[in-house]
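J.: Quick check, what structure comes out for this input:
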Amino acid sequence: MTPEPNAPTGTDTPRTGPPPGCPAHRTGPGGPSRLHESGDLKKLYEELRAEHGPVAPVLIHDDVPLWVVLGHAESQQLVRSPARFCKDSRIWSALEEGLVKPDHPLMPHIAWQPMCAHAEGDEHRRLRGAIDAAVAATDFRSLRRHVNRSVQRVVNRFCEAGEADLVGQYAEHLPMAVMCHVLGMPDEYNDRMVEAARDMIRGTETAIASNAYVMGALERLTARRRAEPGNDFAGHLVAHPAGLTDDEVSQHLRVVLIASYEATANLLANVLRQVLVDPRFRSQLNGGQMTVPQAVEQLLWDEPPFSTIFAYFAKQETELGGRRIRKGDGLLFAPAPANVDPRVRPDPAADMRGNRSHLAFGGGPHECPGQDIGRTMAEVGVDALLMRLPDVELSISEDELTFTESIASRHLVRLPVHFRPRPQQDVLQKPSHENDASPRRNRHTAPPDPTPPPVQPVPAPPPVAEPAPPLNAWQRFLRWWRGY
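T.: Sure, this is the predicted structure:
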């Protein structure tokens, strides 16, 4: 796509300065807030809503101006109006005017790439069509069965200890085990793959090596599916009539893997936290007044996996939420504050059971294509864990739980729990607590090995041959993303 010139639609007058109310006005008394400096974004968003309404001017790193969309209806307009807003940052006026430097912390994420997430028109339809077809081919009955088996494998690693951290030992492992199976590389799931994904997201000194490790696995998968077609996500991408290149296949597999892993790990941790800290929530689940899918939807309202998604750009001069949006302005799509817009949710604590109009998965042409896969992992992951460990309890007080927060997301750091130690179960069994004394046998499964397999130590992230160089823009962005 060729970037459009930066003159306002309908006029030949060039931009000579920001109009009143434009986010380009710098901070001062009552001026735009710096999102990246806030210690409490939830409070800041409500202050911005009270002062500016559903669309507010803000600043990000280096005082780069943006609008943040706080209103539910306005957010839907933003994502569902491709004629007015797009995700192609090449038309971003702040970039064209030199306000965004090459080493800006958010550039690795906002910078345009030849990917489905940034494409428009025919190119978007070509790439997105291949992704949608691969998702549509998913056998959800088989997926649920595999999630249950993955739960058994993951829980078997700590069930005999009587204690665990449900973030580091469960929520961050289960999605990777399942997604490696979905993509078509189940043998690649191991501690090293989980550590590499964590490493990439946190932006540590070894993040580049970790990214190379993940990409190596995906490139091998792509080459294998070229030679040996398969009925898995990678196989469907390779075989799609859109004719994706090997690089397009592997890069889109990377986006699907990391986005699904990060979003589902966060969602799973949030649902488990709510179950453990809120007795009423748990009693509704145990008493049948609320199903696990309903519990997941409630948390998608309350704690969307990504609180802000970067970024949309105005293709023409327009209006949104009573604000004059200039051509080339950048806008943040923000599910977290939009989900508590008082116009659609007067009581933030209201039960949203059965209501799927939250914005956790976006909307419009760029709506998350794999949301039902993520829902399935979270729903089965919560249900199966509670079946295995029905007496699981939080080991610390709710006040002691800590989070890391950035503009993009809010992450639970640890969720320490205790429970009665239990024996391992056959992975082919459905998760259950009814056979704690001895695993149930049947003619379809082999007798369990009386000697529990040794617990493998978690290996270090992939080594870096040379001394770690200073963090580059990608590493700084990812470290900021996770709050490290």
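
J.: alpha carbons only for contacts and neighbour counts from here, please
T.: OK.

J.: Start from the N-terminal end of the stretch 351-484 of the chain and give the strands.
T.: If you assign secondary structure with DSSP state E, counting those that start in this stretch, the strands in the stretch 351-484 of the chain sit at 393-394, 403-405, 410-412, 416-418.

J.: would you turn those into TSV with mean pLDDT?
T.: Written out in TSV, the entries for the strands of the stretch 351-484 of the chain read as follows (pLDDT from 0 to 100):
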stretch	mean pLDDT
strand 393-394	97
strand 403-405	88
strand 410-412	90
strand 416-418	98
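
J.: domain parsing for this protein?
T.: The record assigns the chain these domain ranges, following automatic domain parsing: 36-112+307-359, 122-300+371-438+450-484.

J.: And the ones you listed: which comes nearest residue 365?
T.: In this view, the domains of the chain are compared for proximity to residue 365 by CA to CA, and domain 36-112+307-359 is the closest at 7.0 Å.

J.: picking up where we left off before, could you save the domains of the chain as TSV and add columns showing mean neighbour count?
T.: Formatted as TSV, those follow (neighbours: other CA atoms under 10 Å):
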stretch	mean neighbour count
domain 36-112+307-359	19
domain 122-300+371-438+450-484	18
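
J.: These: lowest mean pLDDT?
T.: Ranked on mean pLDDT, the bottom entry among these is domain 122-300+371-438+450-484, at a mean of 87.

J.: which stretch of helix or strand covers the spatially most central residue of the chain?
T.: Within the chain, the residue whose C-alpha comes closest to the C-alpha centroid is residue 263; the distance, by CA atoms, centre = their mean, is 2.7 Å. With elements delineated by DSSP states H and E, residue 263 resides in helix 246-277, which encompasses its position.

J.: re earlier: so which of the strands of the stretch 351-484 of the chain gets nearest residue 291?
T.: Where the strands of the stretch 351-484 of the chain are weighed against each other on CA to CA, the nearest is strand 393-394, at 19.9 Å.

J.: Show me what that closest one packs onto, helices and strands only.
T.: helix 246-277, strand 416-418 (3 or more CA pairs under 8 Å, 6 or more residues apart in numbering; DSSP states H and E).

J.: what pairs with it, and is each one parallel or antiparallel?
T.: Within its sheet, strand 393-394 is paired with strand 416-418 (antiparallel), according to DSSP bridges.

J.: what's the partner strand in contact with?
T.: When contacts are defined by CA atoms under 8 Å, 6 or more residues apart in numbering, strand 416-418 is touched by residues 162, 163, 164, 165, 166, 392, 393, 394, 395, 396.

J.: again, 10 Å this time
T.: The set of residues external to strand 416-418 that reach it, using CA atoms under 10 Å, 6 or more residues apart in numbering, is 159, 161-169, 273, 276, 389, 391-397, 401.

J.: Ok, stretch 113-130 next?
T.: Residues outside stretch 113-130 that contact it (CA under 10 Å, 6+ apart): 1, 82, 86-90, 110-112, 131-132, 134-136, 233, 236-244, 248-249, 251-252, 255, 311-312, 365-369.

J.: hmm, back to that, distance of the residue nearest to the centre of the chain from residue 305?
T.: Look at residue 263 and residue 305: by CA to CA, to the nearest Å, they are 5 Å apart.

J.: what residues do those two have in common as contacts?
T.: What both residue 263 and residue 305 touch, as defined by CA under 10 Å, 6+ apart, is the set 360, 361, 409.

J.: rewinding a little: which ones are touching the residue nearest to the centre of the chain?
T.: Residue 263 sits next to 175, 304, 305, 306, 360, 361, 371, 374, 378, 409 when contact means CA under 10 Å, 6+ apart.

J.: Distance to residue 280 for the residues you listed - can I get that in TSV?
T.: Putting those into TSV (distance: CA to CA, whole Å) gives the following:
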residue	distance to residue 280
175	27
304	21
305	23
306	26
360	24
361	27
371	27
374	25
378	20
409	26
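
J.: tell me how far whichever helix or strand comes after the helix holding residue 263 is from the chain's mean position?
T.: Moving toward the C-terminus from helix 246-277, the first helix or strand encountered (DSSP H and E) is helix 279-287. For helix 279-287, the gap between its own C-alpha mean and the chain's C-alpha mean amounts to 27 Å (CA atoms, centre = their mean, to the nearest Å).

J.: what about residue 318, distance to residue 119?
T.: Shown here: residue 318 relative to residue 119, a distance of 21 Å by CA to CA.

J.: returning to what we had before: I'd like the helices and strands packed on strand 393-394 written out as TSV, with distance to residue 125 added.
T.: Shown next, in TSV, are the helices and strands packed on strand 393-394 (distance: least, CA to CA, whole Å):
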stretch	distance to residue 125
helix 246-277	14
strand 416-418	44
